[in-house]
Each structure stands twice: as C-alpha cells, then as structure tokens.
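Undergrad: My questions are about this predicted structure, shown below with the sequence.
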Amino acid sequence: MLRNYLKIAVRNLLKNKGFSFINIIGLSVGMASAILIFLWIQHEMSYDQFHEKKDRIYEAWNKDFFSGKLQCWNTTPKIFARTVEREFPEVEMATRVNWPSKYLFSVGEKRISITGNIVDSNFLDVFTFPLLKGDPNKVLQDVYSIVLTEKTAKSLFGDEDAMGKMIRINDKDNFTVTGILKDIPNNTRFKFDYLLPWAYLRKQGNDDDNWGNNSTRNYVLLKPNATLASIAPKLKPLKRKFDESEKTNEMFLYPISRWRLYSSFVNGVEDGGLIDFVKMFAVIAVFILLIACINFMNLSTARSEKRAKEVGIRKVVGANKTSLIGQFLGESILLAFFAGLVAVLLVQLSLPAFGQLTDKKLFIDYTNPYLWLSFIGFILFTGVIAGSYPAFYLSAFKPVKVLKGTFLQSDKVVTPRKVLVVLQFTFAIILIICTAIVKEQIQHARDRDLGYNKNNLVFHYLTGDLEKNYPLVKNELLNANIATSVSKTSAPITQGWSDTWGIEWKGKSPDDKTDFDRYAEDEDLGKTVGLQFVKGRDFDLKQYPTDSTGMILNESSVKIMGFKDPIGEIVKDNGREWHVVGVIKDFILQSPYHPTKPMVIEGAKAWFNVMHIKLNEKNNTADNLKRAESIFKKYNPQYPFEYQFVDEDYAAKFKAEQRTGTLAGLFAGLTIFISCLGLFGLAAYMAETRIKEIGVRKVLGASVTSIATLLSKDFVGLVIIAFLLASPVAWWLMHNWLENYPYRVTIEWWIFAFAAGISILIALVTVSYHSIKAATANPVKSLRTE
C-alpha cells in the first residue's frame, strides 16, 4: 500500500509539473530562509556557552544613581578581583581582562600591528580557550611571557614552531612565546590574537587600587557548592565599604548565560537586549515557513476538483478517511523532502553572503548526527503542516456528491483559501512597513546635526614615537599644505573613552551625581573638527600658555552647573583645577540615537592618545595621505601609517540598525516572493477553471480590460484586507521598537501608503499575466466542447 501511495504521489507531481514546481520552489525558499535564521539564532544563543565552568562564571557590575536614574555598567575597579578572592569564601578565583591593546609585534624584519588583551594569569583557568601548546598553569606567570593564537603564530613565524621564540613589542620589550591557543571561536565576546600577563600592566605603572577607577572587566568563578544568592547581599555594599565617597553604589554579579542576549538595563532593571531581535527573527522564520506551507494548502485545495473523483472512487471501493489522509500527507511530505534538498542547496550557496551580512561565521556541520535528525524532523514538520489542511479537506468529500458532480459549493464571502491568502500578505506588508521605518530611523539619525564637520578629517593613534615627535609631525603637515589644522586629543572625536561623576564646581549640590563625558585636546580642536563656539574661545597655547589647565564646556554642562557666565569659572577634576575658557554647542561623541551628555574638554595637562588631521581639501585626498605617510615614516619609522577617516568611523555607529533593516528587507522580499508564487499559481488555476465563462463574456462583447479587471479584483481585495490588518500591528511593533531610541523618527502616514501601493502593485503584476492571457484567448477554442 505504501508503495502504491508513493507511485500515486510521484505521478501527481509529474502530471502537474507547473504546480509541483511552484510548490517545491515556494517551500524550498521558505525552508531555506527558516534554516538561515535558525542558524543565526543558534549562533547567538551559543555565545560563551562552550566554557566548561560556564555555570559558575559571573561578571562584576556596578549599579548607581545618576541624574535621578538608576544605571548599570560592567566596568569595575582593578582592585575588585583580589578583594573578592580575599573577602568572600564563595569565590574560587577572580580574573581581570583589560581593554583591548594594539601593539606592534616585531619578529626579524616582520612588523605587524596586533590586537589582544592583558589578563590575569588565571584567565585560562576560568575560561575554556584550549591550549594547543604550553602549560595552562604557567603560560602567563612570567612578566615577559606571551600566549598567541594559532593564526597569529602562523602570521608571525610561518610554519616554524613558535614556542620559545622571541617577539619584540612596541620596539621596547622582548617577550617569549609560552603558549599557543586554538583560534578563538566566533561565538564569544572575547576577541584577541594574543594574551599578555597582568604583571606587564603593573610593570608599566598602569595598575592601581583606586575604587573610583571603573576601567576593567572583572570575572568571578564561584566554588561548585556556592550560589549567587549566598554572595549577592554581601557583594552589594563592597564599593561603599572601601570608598566613603560612594553613597548609593551597589555591586552585583551577572551570569555568563545572560551576557550576550539580556545585558540591557533600564532604571536598574534588566530590560531585554539582543534577545528581542532573536525572538523577532524567530517569529519571522516561523511565518516565512508558514507562508510557504500556505501556498501548498491553497494550491492543493484549489485543484480539489481534479482530485475529487479519485477520492470518490477510493471511498466507494472501501478506502476510509484515515487512509486518504495518510495518502495526502504522504504526498506533501514527499514534496517537502524534495523541497528540503533544494533548501539545503540554497542555504549552502547563500551562507557566505548571509554570514557576511550578519557578521557571523555560520556553517552547517554535516558530520553531526543530531543535525540530520533535526533536518528529518524539520521536513516531516513542514510536510505535515503544509499537507494537513488539504488532507482533511480532500478526504472529507462525499462520494455520492463527487460522482454526481455536485460536491462543489457556491462561492462564499469568507473561505479558508481567502483567509490564508490574507494571512500571507498581512505578514508581508508588516515586514514592508517595518523595513521602511527602520530605514527612516537610520536616516533620521544620520541627518542629525553632528556639531562638527567630519569631511576630510582623519585620525591616527599616537603610536611609537609620535607622542614625542608630535610637534615636528604637526609642523611638517601644516607647512607642506597637507593639512589645514592638526590637534592632539584623548580619543577619536567619534568615541568617548572616559567619563566621570567626580567633577566639582562652585554651587554644586552635595547630592548632585551627574555623569560627564571627559575629553581632552591640546589646542585647535575647534578649527580641526569644526566645533561651534557659543562663548569664549578654543585653547591657544602660544598666546595663552595657561590654557594647558583650561577647560571647555558644552551647553549641557553649563546647564547642569548653573553658570550664568561660565568664562573664568573654576572646575575641579582629577585633583586639578581647570579654568573655563569657552563653551561649545553640544556635539555627538557617542550614540547618534541618544541625547548628548554633559561634557568637559580639558587642556594640555590631560592625557593624549590620538591626533586629528584636517586634510587640505584643495589637494587630492590620496595625494595628501601619500605625502602624510612619508612624514609619519620619517618621525615614526618602526610603525605603519594606520589612519582612519572620521566619517567612516562615524558610519560604523549605524551598523547594527542597518543590519536589522537589511535583514528585515531581505526576508520581506522573500516573503513577498513566496506569497506571489502562490498567487501566481492560484491565478493560473482561476483562469483555467473560468475559461468557458470568459469565452461567453467575450462573445457577448466584454472587453479585454473588463475581463482582466474581473479576474484581478478578488485578489486585490484580499491584499487590501491584508493591509488593513497589517497596519495596526506594524505600527504597534515599530512604536515599541522606537521607544528604545530617545532620538527617533515619527511614524508617518506615507509609509503605510507606500506599503499599500507596493503590495497592490505586486499583486496586480503577479495575477495580470494569467488574467490578460485568459482575456485575450480565442473564445472559439475555449467554448469548443470535447
């Protein structure tokens, strides 16, 4: 019997090649889309879940009030790790990871800038990053030891064994390779090509015991029998215990299982994060697959007349409803199997592009038996879902009515087929509207006034001898007309590297706790980047040597400090008095989606890491950079010339939202494609079943336009209903999404009008081929009887 069912299923597929093709393509595209999304979801949910001790690993966080709002952040004092090891018996060990450091590695004549981390010697005891060579208990014990990843070792030493080899870092210190790590996987927050011991940071004089310096990430490994509940109450007041100035601070531990997906806090309470996008795309995957299944349902039930006599005869000769359901489900599962094979091929072909789009290294592990079990389950699930409604629908035909030819009911206003078409287009229109609003939000943020001019502006880190030779480099750049202005700063103009709530000024309330962005420049930053001064002036060390302790405030800072005339006022920070010389308009230092924070810019007595160069726009940019490189090589010969354009660095701030918009647009397009495939098939069948009616109408004088309109209007009506259902849902979804952005776009009516217009146009184009073909057919042929 099973062999008989299989033969019938294959014959039906071959007999109706057009409908089989539409069903297989629709299902395969839907299945491929779902597989790609689920691969991305699996990757996101696997972040840092490969560590053997993951159930006991936590990150230290701070919680405190700023400007009346409770905020949480995950940088803590360097002294935290050793303190919790000493103070809390529940802690097995704690380890520190400093911010990524980019150093120049020299091996013979080879010089490469490489990014890595400085960590405690017990880092590899807490986290599972397998060593290919070296003793995990000893690799980071010596101050001049270094651990390389396999890829880094190969780039430095080729096929030679790197163990025991010497590396010179920053042309200053020699390090011995004591370990080789397996390359770091893509599904971890840690991105490093080397590890250096914390002892080296201490030797550089960059370690400290200051509880007010929240500059490091601390990780805690609890003992196997310890619980978070047992240590949490004791950890809360830890910072207040050692720093009397901290009145409201609380510290807490955050589990590794929530780092990637949940670490977003609003007013001190966990409030989603990346998990919201994971859930959203999981819903999209399910709906795309459902839409593909709906195509199968619609086309199968639309062709019910052709299968009706088969069902009637089978029932007359003794077939029961259960066996018929099994037959039809078998046909849908067979079709789903063929679609699944095509889907795997589509996934394999699109994985590189999809991985690049999502910035992930996604792959299918064909050697994993669980993968094949999942794939078989996926095909069965898809086949059952797609075939369930047709199977029950077809098997329910009454043999007497079927064989008499009276089984078909008259058209109803609401039919399951119409409901399914509406459902398809409702989801497609929701995605169209959401994509348009995401793109509008990105453009809205891009159009926001930066507060400076990013054109022809580059920055370069003060590597090697650049700090020492900065005056010479600056003068040559200006004298050669390569640059019109040069300024030294604490960070790139697009990034905030430092903030503080320890600033003091005359009239400050004892209860005031405002977090200020802290920045620094030597002089001419206003001219270099185009800051807009509303009061006072920029620093000018030649004319005003005391500007080395000068300070520039933004307008938000002036409001917080309550200065009527801020020029000349004294502001204290970091144990130094700074006198205000100017006030600038607020400019965007960090997120373009959020309001600017109060900000202070300190003078030449501060610290510097970066130089900004305003290129001479009268010259060719490539020529400017080529000539600048020769000057940098002259004064910093050991280091490469590694500049960055400010406009490109600023554009990177939109990557996450752009990725969301692109993915939403991609899957909206696929949803429309799958829906239109079904619509195309339904239109073909409609034209086929109404061919005699069309012939009669043409004989009676109906025009091609009126017939095409008659055949198309039902589909357009369904799309309009889908739009009416989709609009409020899309508005609600995007309204909630935009709530995450204080600086956000208003949802405009034209977006909905655009979605309606494009949906109706797509539907018309899809059905017009068969409508026009049927309307222009020769009525003599259509009315001729057998």
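TA: Received it, and whenever you're ready, just let me know what you need.
Undergrad: Please make it C-alpha for all contacts and neighbour counts, starting now.
TA: OK.
Undergrad: Would you state the strands of the stretch 351-500 of the chain in chain order?
TA: 457-461, 483-489, 499-500 (DSSP state E, counting those that start in this stretch).
Undergrad: I'd like the ones you listed as TSV, with distance to I146 appended.
TA: Formatted as TSV, the strands of the stretch 351-500 of the chain follow (distance: least, C-alpha to C-alpha, whole Å):
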stretch	distance to I146
strand 457-461	24
strand 483-489	31
strand 499-500	31
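Undergrad: need the least confident one among those strands, by mean pLDDT.
TA: Between the strands of the stretch 351-500 of the chain, the one with the least mean pLDDT is strand 499-500; it has a mean of 90.
Undergrad: Adjacent strands (with direction) for it?
TA: strand 516-520 (antiparallel) (DSSP bridges).
Undergrad: How far away from the center of its chain is whichever helix or strand comes after the strand it pairs with?
TA: Using DSSP states H and E, the helix or strand that follows strand 516-520 towards the C-terminus is helix 525-529. Its chain's C-alpha centre and that of helix 525-529 lie 33 Å apart, by C-alpha atoms, centre = their mean, to the nearest Å.
Undergrad: Summarise which helices and strands the very next helix or strand once past helix 525-529 is packed against.
TA: Moving toward the C-terminus from helix 525-529, the next helix or strand (DSSP H and E) is strand 533-536. Using 3 or more C-alpha pairs under 8 Å, 6 or more residues apart in numbering; DSSP states H and E, the elements in contact with strand 533-536 are strand 576-584.
Undergrad: Pull up the pairing partners for the strand it packs on, direction included.
TA: In its sheet, and by DSSP bridges, strand 576-584 pairs with strand 533-536 (antiparallel), strand 550-554 (parallel), strand 570-573 (antiparallel).
Undergrad: so can I have a markdown table of those strands showing distance to F277, mean pLDDT and mean neighbour count?
TA: Converted to a markdown table, those look like this (distance: least, C-alpha to C-alpha, whole Å; pLDDT from 0 to 100; neighbours: other C-alpha atoms under 10 Å):
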| stretch | distance to F277 | mean pLDDT | mean neighbour count |
| --- | --- | --- | --- |
| strand 533-536 | 41 | 96 | 16 |
| strand 550-554 | 35 | 97 | 26 |
| strand 570-573 | 40 | 95 | 17 |
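Undergrad: Out of these, which gets nearest to Q356?
TA: strand 550-554 (39.3 Å; C-alpha to C-alpha).
Undergrad: ok now do the residue nearest to the spatial centre of the chain, which residues does it touch?
TA: Closest to where the C-alpha atoms of the chain average out (C-alpha atoms, centre = their mean) is A656, at 4.3 Å. With contact set as C-alpha atoms under 8 Å, 6 or more residues apart in numbering, A656 has no partners.
Undergrad: For E270, give its distance to W259.
TA: 11 Å (C-alpha to C-alpha, to the nearest Å).
Undergrad: Looks to me like T178 is in a strand.
TA: Yes: counting by DSSP: H, G, I helix; E, B strand; the rest coil, T178 is located in a strand.
Undergrad: any weak-confidence spans in the stretch 301-450 of the chain?
TA: 301-321, 323, 389-415 (pLDDT under 70).
Undergrad: ok, which stretches of it are helices?
TA: Assigned by DSSP state H, counting those that start in this stretch, the helices in the stretch 301-450 of the chain fall at 304-316, 321-358, 369-395, 399-404, 416-446.
Undergrad: Just say which of the ones you listed is most tucked in.
TA: Counting by mean count of other C-alpha atoms under 10 Å, helix 416-446 has the highest mean neighbour count of the helices of the stretch 301-450 of the chain, with a mean of 21.
Undergrad: For Q204, which of the helices of the stretch 301-450 of the chain is the nearest?
TA: For the helices of the stretch 301-450 of the chain, proximity to Q204 was assessed by C-alpha to C-alpha; helix 321-358 is nearest, at 38.6 Å.
Undergrad: Give the other helices and strands that the closest one contacts.
TA: Using 3+ C-alpha pairs under 8 Å, 6+ apart, helix 321-358 sits against helix 2-15, helix 17-45, helix 369-395.
Undergrad: Just say which of the strands of the stretch 351-500 of the chain is most tucked in.
TA: Taking mean count of other C-alpha under 10 Å, strand 483-489 is the most buried of the strands of the stretch 351-500 of the chain, at a mean of 24.
Undergrad: and N174, how far is that from F105?
TA: As judged by C-alpha to C-alpha, N174 and F105 stand 10 Å apart.
Undergrad: Quick check: neighbours shared by these two?
TA: 167-168.
Undergrad: Show me where the stretch 201-350 of the chain has its strands.
TA: With DSSP E, counting those that start in this stretch as the criterion, the stretch 201-350 of the chain has strands at 217-222, 250-255, 265-266, 269-270.
Undergrad: Make TSV out of the ones you listed and add mean pLDDT and mean neighbour count.
TA: As requested, the strands of the stretch 201-350 of the chain are exported to TSV (pLDDT from 0 to 100; neighbours: other C-alpha atoms under 10 Å):
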stretch	mean pLDDT	mean neighbour count
strand 217-222	97	24
strand 250-255	96	20
strand 265-266	86	14
strand 269-270	87	12
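Undergrad: So which of the ones you listed is nearest K626?
TA: When the strands of the stretch 201-350 of the chain are compared by C-alpha to C-alpha, strand 217-222 sits nearest K626, at 39.2 Å.
Undergrad: What strands flank that closest one, and is each parallel or antiparallel?
TA: strand 57-66 (antiparallel), strand 91-97 (antiparallel).
Undergrad: got these as a markdown table, with distance to F715 and mean pLDDT columns?
TA: Shown next, in a markdown table, are the strands paired with strand 217-222 (distance: least, C-alpha to C-alpha, whole Å; pLDDT from 0 to 100):
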| stretch | distance to F715 | mean pLDDT |
| --- | --- | --- |
| strand 57-66 | 56 | 94 |
| strand 91-97 | 60 | 97 |
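Undergrad: Just name the most buried of those strands.
TA: Mean neighbour counts for the strands paired with strand 217-222 (mean count of other C-alpha under 10 Å) peak at strand 91-97, with a mean of 22.
Undergrad: can I get the CA coordinates of that one in PDB?
TA: Extracted C-alpha coordinates of strand 91-97, given in PDB (Å, rounded to 0.1, in the frame of the first residue of the first chain):
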ATOM      1  CA  VAL A  91      34.700  32.800  45.400                       C
ATOM      2  CA  GLU A  92      37.100  30.200  43.900                       C
ATOM      3  CA  MET A  93      39.000  32.800  41.900                       C
ATOM      4  CA  ALA A  94      38.500  36.100  40.000                       C
ATOM      5  CA  THR A  95      40.300  37.200  36.900                       C
ATOM      6  CA  ARG A  96      40.700  40.600  35.100                       C
ATOM      7  CA  VAL A  97      40.600  41.500  31.400                       C
END
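Undergrad: All set, thanks.
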